[in-house]
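J.: Build the 3D model from these lines:
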Amino acid sequence: MLILLTILSVSKISFAAQCFSTFTTSNFTDCKLIAPKFALHWAVHNDIISLGIQADQGGLSSANWFAFGLSEAGGMNGADIVVISKNDQNKWSVSDMFSSNQGTPVLDKTQDWNLDVSPFEVSSANASVSVVISRKLNTCDPADYAVKTAYLHHVIWAIGSSQTLSYHGASSDFHGQSQINFLPSDAQKKEVQTLESMDQHSFKNITIAMQNVAIPNVQTSYLCVNYALPTDAKYHVVEYIHHIIMYGCIVNPQSFGTVYDCSSMPRSCPTFMLAWAPGISTVDLPSEAGFPIGKDSVNWVTLQVHYNNPNLDAGVVDSSGMQVTYTPQLRPNDMGVFTLGSTDVMIPPNKSWSTNPSLCSSDCTSRFKGNVTLVGSFMHMHLLGYAINTKHIRAGAELPNVGSLQYYDFNHQGSQQVGLDTNTLVPGDSFITTCSYMGSNTTIYWGE
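T.: Residues are numbered from 1 along each chain as shown. Sure thing, here's the model as predicted:
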């Protein structure tokens, strides 16, 4: 593939990458600043994707390597990574690698990335370094992830100054994650335009949180608090920022603002609404839907927070919660959560164990009045989980999974977009969910 690259002459950029500062729109159709230090440009020609990376080496003596990857859920576990590195003769090369865990990635048997334009600096010390690489959208290599159409990919990046590829350090200045749809459909492009055209002045925020609660000095605890929502009109929740789980109540729980043990959570608050887990940032809902609250909908909610206190520390105070953004400008569709899985968990010590396949039968989904669009799949287990998947069955035939993580990482639980080839739930469909765990030194039960 021939790439005619135009490089812009720019002044020194101090501690920040910028879209289209070293590349032009004649070479790349899109760009996203996925971090202050990392600008990712891309273009697709036939079955080839080209990436133009600008990495800021500010704060490093020299950027001797930088890396970009596609990830299952935003971490290094199960990540398809490309590393651009410099040897002791200052010669750059590109390596196609895969990471099954938090350790150093290993070389793929098949090297599918091409170094089209070797890294170059736009000025002297602390300047950004730019490079152009390319590969096929689908390499058919089992160690590579295909770049899909109309799919929001989890991506990761890192920069390092060591002479060989090594740990990038804990600082978020030199590594991070984001999400990118490289090949949006026409409908998704229209959705972006719709979101951008919405009247932001109509948006309102409500904070639903613990208020300086003392965390119990026991290993694990679940604390709850109830909140009332506005009821003067129907609203749509369109965005929320962590933490934890929010349940909707169908009956007024009466007590508000008082923290209590979740074992006594009212049975009238069963509706799973919003959730956060490690690895999830701000959640923006699609332009065509929102979670209904207010008049003729959910009027009260219960916030549930799971505290893990392995050192049994005392005197720790917390104010975790959610900031929920809602609007009276209702979207075409109401949104909800369809919960699958099993609470029948008893993990034996020191061995791999999987739940019995949990069936959501066709009898269950036949209760739906019509087709349902599946937007995202949020797969959740605790620290011992290592794999999880949900199969989609229609009329005896298996469709693509609605969700699957072969390298589950508790610290990176970002949701997965459900593929267009399986994102419609037709009444009569069935789903089978299986969770896999690696046991510890004692038997572990559900909720621990």
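J.: and after the lowest-mean-pLDDT helix or strand in the chain, which helix or strand comes next?
T.: Between all helices and strands in the chain, the lowest mean by mean pLDDT, DSSP states H and E belongs to helix 186-197, at a mean of 75. For helix 186-197, the succeeding helix or strand toward the C-terminus, using DSSP states H and E, is strand 204-209.
J.: Which neighbours in the sheet does the helix or strand just after that following strand have, and how are they oriented?
T.: Counting by DSSP H and E, the element after strand 204-209 in chain order, helix or strand, is strand 213-214. Strand pairing for strand 213-214, determined by DSSP bridges: strand 317-318 (antiparallel).
J.: Could you give the average pLDDT over the partner strand?
T.: Mean per-residue pLDDT for strand 317-318: 92.
J.: could you check the angle strand 204-209 makes with the next helix or strand after that strand?
T.: With elements assigned by DSSP H and E, the helix or strand that comes after strand 317-318 is strand 321-327. Calculated by axes from the mean of the first three to the mean of the last three CA atoms, to 10 degrees, strand 321-327 forms an angle of 160 degrees with strand 204-209.
J.: contacts for the following helix or strand past strand 321-327?
T.: On the C-terminal side of strand 321-327, the closest following helix or strand by DSSP H and E is strand 333-334. Applying CB atoms under 8 Å, 6 or more residues apart in numbering, the contact partners of strand 333-334 are 236, 288-292, 373. Using the backbone N, CA and C atoms, a C-beta is placed for each residue, glycine as well.
J.: Filter the residues you listed down to the buried ones.
T.: Applying 16 or more other CB atoms under 10 Å to those, the neighbour count classes 236, 289-292 as buried.
J.: quick one on the thing from earlier: out of the contacts of strand 333-334, which comes closest to F28?
T.: Nearest to F28 among those is E288, at 29.2 Å by CB to CB.
J.: Can you read off the pLDDT for the residue nearest to T207 when sequence neighbours are not counted?
T.: Closest residue in space to T207, ignoring its immediate chain neighbours: Q323 at 5.2 Å, by CB to CB, 6 or more residues apart in numbering. For Q323, the pLDDT comes out at 87.
J.: How much space separates Q323 from P357?
T.: Separation of Q323 from P357 (CB to CB, to the nearest Å): 37 Å.
J.: between these two, which one's more packed in?
T.: A side-by-side neighbour count of Q323 and P357, using other CB atoms under 10 Å, places Q323 first with 15 against 11.
J.: So C224 versus I245, what's the distance?
T.: Separation of C224 from I245 (CB to CB) stands at 9 Å.
J.: which residues does the residue of the chain positioned farthest from its centre contact?
T.: Most distant from the centre of the chain: Q89, at 38.6 Å, with distances by CA atoms, centre = their mean. Contacts for Q89 (CB under 8 Å, 6+ apart) come out as none.
J.: Could you check how far it is from Q417?
T.: Where Q417 is concerned, Q89 sits at a distance of 43 Å (CB to CB).
J.: Can you verify my assumption that the residue nearest to T207 contacts F203?
T.: No - contact criterion CB atoms under 8 Å: Q323 and F203 do not qualify, at 11.4 Å.
J.: Distance-wise, check the residue lying closest to I159 once chain neighbours are set aside relative to I156.
T.: For I159, ignoring the flanking residues on the chain, the nearest one in space by CB to CB, 6+ apart is F66 at 4.6 Å. For F66, the distance to I156 equals 12 Å [CB to CB].
J.: count of residues packed around V106?
T.: V106 sits with 13 neighbouring residues when counted by other CB under 10 Å.
J.: can you check L51 too?
T.: By other CB under 10 Å, the residues close to L51 number 19.
J.: ok, now which ones touch it?
T.: Counting by CB under 8 Å, 6+ apart, L51 has contacts 40-42, 68, 132-134.
J.: just these now: which is nearest T149?
T.: Nearest member of the contacts of L51 to T149, counting by CB to CB, is W42, at 13.6 Å.
J.: Please, which helix or strand holds the closest one?
T.: Per DSSP H and E, W42 falls inside strand 38-45.
J.: Could you export that strand as PDB, CA atoms only?
T.: Extracted C-alpha coordinates of strand 38-45, given in PDB (Å, rounded to 0.1, in the frame of the first residue of the first chain):
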ATOM      1  CA  PHE A  38      -1.600  10.500  22.800                       C
ATOM      2  CA  ALA A  39      -3.400  11.600  19.500                       C
ATOM      3  CA  LEU A  40      -4.600   8.700  17.400                       C
ATOM      4  CA  HIS A  41      -5.400   9.400  13.700                       C
ATOM      5  CA  TRP A  42      -6.800   6.800  11.400                       C
ATOM      6  CA  ALA A  43      -8.000   6.100   7.800                       C
ATOM      7  CA  VAL A  44      -9.400   3.000   6.100                       C
ATOM      8  CA  HIS A  45      -8.600   2.100   2.500                       C
END
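J.: Mind exporting the C-alpha coordinates of whichever helix or strand comes after that strand to PDB?
T.: Following strand 38-45 in sequence order, the next helix or strand is strand 48-56 (DSSP H and E). Presented in PDB, the C-alpha positions along strand 48-56 are these (Å, rounded to 0.1, in the frame of the first residue of the first chain):
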ATOM      1  CA  ILE A  48      -6.400  -1.800   5.400                       C
ATOM      2  CA  ILE A  49      -6.400   0.500   8.400                       C
ATOM      3  CA  SER A  50      -3.700   3.100   8.800                       C
ATOM      4  CA  LEU A  51      -2.900   4.700  12.100                       C
ATOM      5  CA  GLY A  52      -1.000   8.000  12.600                       C
ATOM      6  CA  ILE A  53       0.100   8.200  16.200                       C
ATOM      7  CA  GLN A  54       1.400  11.300  17.800                       C
ATOM      8  CA  ALA A  55       2.900  10.600  21.300                       C
ATOM      9  CA  ASP A  56       4.100  13.400  23.500                       C
END
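J.: Show me which positions of the least confident helix or strand of the chain end up buried.
T.: In terms of neighbour count (16+ other CB under 10 Å), helix 186-197 has its buried residues at Q188.
J.: In PDB, could you pull the C-alpha coordinates for that helix?
T.: Output of helix 186-197 as PDB, limited to C-alpha atoms (Å, rounded to 0.1, in the frame of the first residue of the first chain):
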ATOM      1  CA  ASP A 186     -24.400   6.000   8.800                       C
ATOM      2  CA  ALA A 187     -26.900   5.600  11.700                       C
ATOM      3  CA  GLN A 188     -24.100   6.100  14.300                       C
ATOM      4  CA  LYS A 189     -22.800   9.200  12.500                       C
ATOM      5  CA  LYS A 190     -26.300  10.600  12.600                       C
ATOM      6  CA  GLU A 191     -26.500   9.800  16.300                       C
ATOM      7  CA  VAL A 192     -23.400  11.800  17.000                       C
ATOM      8  CA  GLN A 193     -24.900  14.700  15.100                       C
ATOM      9  CA  THR A 194     -28.100  14.300  17.100                       C
ATOM     10  CA  LEU A 195     -26.200  14.400  20.400                       C
ATOM     11  CA  GLU A 196     -24.300  17.400  19.400                       C
ATOM     12  CA  SER A 197     -27.500  19.300  18.400                       C
END
